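[1] my questions concern the predicted model and sequence given below.
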Amino acid sequence: MNLTLAEFVLLVIPGSGFLVLLFTVVSRTLHARSETRSLAGRVICRLCLHGFEDHGHGKIASCPHCGAANERGRSRRLG
Ligand SMILES: [Zn+2]
C-alpha cells in the first residue's frame, strides 16, 4: 500500500475526529457517573434551596440553614 500525502491526510482527519468524539463521550460518561455518586447524600432544601450533605439513615433531612424538613432522594428537580 502506497499512500500519497493527500490520502494520508484524508485518513488522519476523520480518524482524529473520531478519537476526539470518543474521548468526549468517555469523559462525559465518567463525569456523569462521579456526579451521580457525589449526589447520593446531597439534599437541596425545598424552602431556601440551600444545598447540604446528609448521610443519615432517615427519610427526612432537616436543613441546617432554615430547619425545614426535606425528603431525601429527590435530587432531581422538575421545572
Ligand atoms: Zn433550608
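    Nice, thanks for sending it over.

[2] domains of the chain?
    Listed domain ranges for the chain are 1-38, 41-79 (source: automatic domain parsing).

[3] contacting residues around the residue most central in space within the chain?
    Nearest to the geometric centre of the chain sits residue 32, at 2.7 Å (Cα atoms, centre = their mean). Applying Cβ atoms under 8 Å, 6 or more residues apart in numbering to residue 32 gives no contacts. Every residue, glycine included, has its C-beta placed from N, CA and C.

[4] same thing with the one 10 residues further on?
    For residue 42, the residues meeting the contact criterion (Cβ under 8 Å, 6+ apart) are 51-54, 75.

[5] can you show me the helices along this protein?
    Taking DSSP state H to define them, one finds helices in the chain at 5-38.

[6] so which residues on it come close to the ion?
    Proximity of the chain to the ion (Cβ under 5 Å from the ion) is limited to residues 45, 47-48, 50, 63, 65-66, 68.

[7] try it again at 8 Å.
    Counting by Cβ under 8 Å from the ion, the residues of the chain close to the ion are 45-50, 63-68, 70.
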